[in-house]
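Novice: coords below, sequence missing:
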Ligand code: AMP
């Protein structure tokens, strides 16, 4: 099928041709005609399938006629993260190049007053994260009553992040006779409930089985001890032909630690997590996308939807505690039919989460063992280009006996000796698990079967938005100064 057969605006077709798009992807082919007809759509599609264009292209048609009014957006796209919102804005810049549509990005971490000024100039397309949008609506800076086009993207991620109550609030302020599209990689019952609530007689489109791992990604599991995780990561980066890679950690503080450690070892790495200033997040991502940075250590804030051209590798420094996150993390590579490689480090503590992931993807992740790394009964038969594997033995650290170019762990260690300061801080390899420093302690596994409490969405949102409790001490903290501990003198009568 050709784009020209879909009924898109001629100027949009021109922009698409200039962007080098030859034919629509399956989600575009299936969704665009229905969106142009004015139907509501529930799209079950992973990122990387071209779903952004499946809603932006027909939206351009619909918005081409008509004028933007100050503070009264004509359409609204809700995205779970700032990076995704920014990416959608870029799509409008590419596809809507020959249309004069005003897009406004409303995301946290940026000046409210700058955003308000932009809203005053008139808004055709408002692209927002739910929290900041609600703030602006509640301050009266946006009148949402004119929104005729609503897109809720990455619904399952919105659910994970605890955004659903905010979204329900936002939708309750919109006119009922609007066109609504919802996109989600998976369809848990809660999303089904929302689609019943928000959509009117929708067309349901599914382009890949929910939560399937891309077949273009070669996966591998590496069993290591806690103390060896960073060394194993360095070994993998050196032994694989890494063009560019995302390195996922479960917690922000580990993002910072792994990033610092890689930089100290001379790797070209940046960091991205939700506690960083928005300007730093944007700058790091832009550098990474422009290939000015080879490695980006990140939290799950980067797991969904980020479109990084030709990403060669994903390293899971930690096993994600939510199985779907694994699918999203590794889905950053192997996009657009290209091949990618995804490695995951695992320790004994992750067994339950690993089992959950393997159940979700319906297959066992092939194991590889790294020469010189202690833990790991491994089978490497499925990996064509794996690092040196030593099945079912506990290898000594020793150089590879083959003439391979890849360094062994031992070589990686010596070549890689960190600066004195870090060396001193690094836990000794033989140190028993219980004496590990605090920062390398594994996150306590979450009891999956524990009943969800009312605070669950908020808690999950905090986790996903990377808002660990701040480590600031309020007042005197736990330490009561001595002068306050002196017993008060008895009062004179
Ligand atoms: P998405 O799933 O929307 O994040 O899109 C993934 C990637 O596919 C983006 O880099 C798009 O620019 C690209 N893309 C989307 N549609 C097409 C198409 N029809 N032909 C080629 N590339 C596309």
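Specialist: That came through, no problem. Predicted model only: the values in this text are computed from it and were never measured.
Novice: C-alpha only now, for contacts and for neighbours.
Specialist: OK.
Novice: residue 342 sits in which helix or strand?
Specialist: In the assignment (DSSP states H and E), residue 342 maps to strand 340-346.
Novice: would you mark the buried spots in the helix or strand just after that strand?
Specialist: Sequence-wise, the next helix or strand downstream of strand 340-346 (DSSP H and E) is helix 351-361. Of the residues in helix 351-361, 353, 354, 356, 357, 360, 361 count as buried by neighbour count, 16 or more other Cα atoms under 10 Å.
Novice: list the contacts of the second one.
Specialist: What it means is residue 354. Neighbour list for residue 354: 319, 323 [criterion: Cα atoms under 8 Å, 6 or more residues apart in numbering].
Novice: look up how far residue 344 lies from it.
Specialist: As judged by Cα to Cα, to the nearest Å, residue 354 and residue 344 stand 10 Å apart.
Novice: coming back round to it: can you put the buried residues of helix 351-361 in CSV and add pLDDT and distance to residue 58?
Specialist: As requested, the buried residues of helix 351-361 are exported to CSV (pLDDT from 0 to 100; distance: Cα to Cα, whole Å):
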residue, pLDDT, distance to residue 58
353, 96, 40
354, 96, 40
356, 94, 38
357, 94, 36
360, 88, 33
361, 87, 33
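Novice: before we move on, back to that, so what sits against both of residue 354 and residue 344?
Specialist: Contacts common to residue 354 and residue 344, judged by Cα under 8 Å, 6+ apart, are residue 319.
Novice: can you list the domain ranges for the protein.
Specialist: The chain breaks down by automatic domain parsing into domains covering 3-206, 217-383.
Novice: between those, which one is closest to the ligand.
Specialist: For the domains of the chain, distance to the ligand was read as Cα to the nearest ligand atom. The smallest value, 3.3 Å, belongs to domain 3-206.
Novice: could you tell me the end-to-end distance of the closest one?
Specialist: End-to-end distance (Cα to Cα), domain 3-206: 20 Å.
Novice: stretch 169-181 too?
Specialist: 17 Å.
Novice: pull out the buried positions in that stretch.
Specialist: Across stretch 169-181, burial judged by 16+ other Cα under 10 Å covers 170, 174, 178, 179, 180, 181.
Novice: picking up where we left off before, out of the domains of the chain, which is the most enclosed?
Specialist: Ranked by mean neighbour count under mean count of other Cα atoms under 10 Å, the domains of the chain are led by domain 217-383, which reaches a mean of 20.
Novice: starting at the chain centroid, how far to that one?
Specialist: 12 Å (Cα atoms, centre = their mean, to the nearest Å).
Novice: equivalent analysis for stretch 47-66, please.
Specialist: For stretch 47-66, the distance from its own C-alpha centre to the chain's C-alpha centre is 22 Å (Cα atoms, centre = their mean).
Novice: mean pLDDT lowest for which of the domains of the chain?
Specialist: The weakest mean pLDDT among those belongs to domain 217-383, with a mean of 87.
Novice: all helices of the stretch 101-250 of the chain, in order?
Specialist: Along the stretch 101-250 of the chain, counting by DSSP state H, counting those that start in this stretch, helices occupy 112-120, 130-138, 155-160, 164-172, 189-198, 229-239.
Novice: which helices and strands sit right next to the fifth one?
Specialist: Using 3 or more Cα pairs under 8 Å, 6 or more residues apart in numbering; DSSP states H and E as the contact criterion, the neighbours of helix 189-198 among helices and strands are helix 155-160.
Novice: in the stretch 351-493 of the chain, where is pLDDT below threshold?
Specialist: Applying pLDDT under 70 to the stretch 351-493 of the chain flags residues 374-493.
Novice: now do 80
Specialist: Applying pLDDT under 80 to the stretch 351-493 of the chain flags the ranges 371-493.
Novice: show me what contacts residue 77?
Specialist: 125, 126, 127, 128, 150, 151, 152, 153.
Novice: mind checking what helix or strand follows the host helix or strand of it in sequence?
Specialist: Here residue 77, judged by DSSP H and E, is contained in strand 75-78. Once the chain leaves strand 75-78, the next helix or strand it forms, by DSSP H and E, is helix 82-95.
Novice: got phi/psi on residue 314?
Specialist: phi -130, psi 130 (degrees, to the nearest 10).
Novice: any chance of CSV for the buried residues of helix 351-361, columns distance to residue 116?
Specialist: As requested, these are exported to CSV (distance: Cα to Cα, whole Å):
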residue, distance to residue 116
353, 44
354, 46
356, 44
357, 43
360, 43
361, 44
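Novice: format those as CSV; extra columns: distance to the ligand.
Specialist: As requested, the buried residues of helix 351-361 are exported to CSV (distance: Cα to the nearest ligand atom, whole Å):
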residue, distance to the ligand
353, 27
354, 27
356, 25
357, 22
360, 21
361, 20
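Novice: the ligand contacts on this structure?
Specialist: When proximity is defined as Cα under 6 Å from any ligand atom, the chain approaches the ligand at 21-25, 47-53, 305, 307.
Novice: dump the residue contacts of the nearest residue to residue 123 once chain neighbours are set aside.
Specialist: Using Cα to Cα, 6 or more residues apart in numbering and skipping residues adjacent in sequence, the residue nearest residue 123 is residue 73, 4.7 Å away. Each residue near residue 73 by Cα under 8 Å, 6+ apart is listed here: 122, 123, 124, 125, 126, 142, 143, 144, 146, 147.
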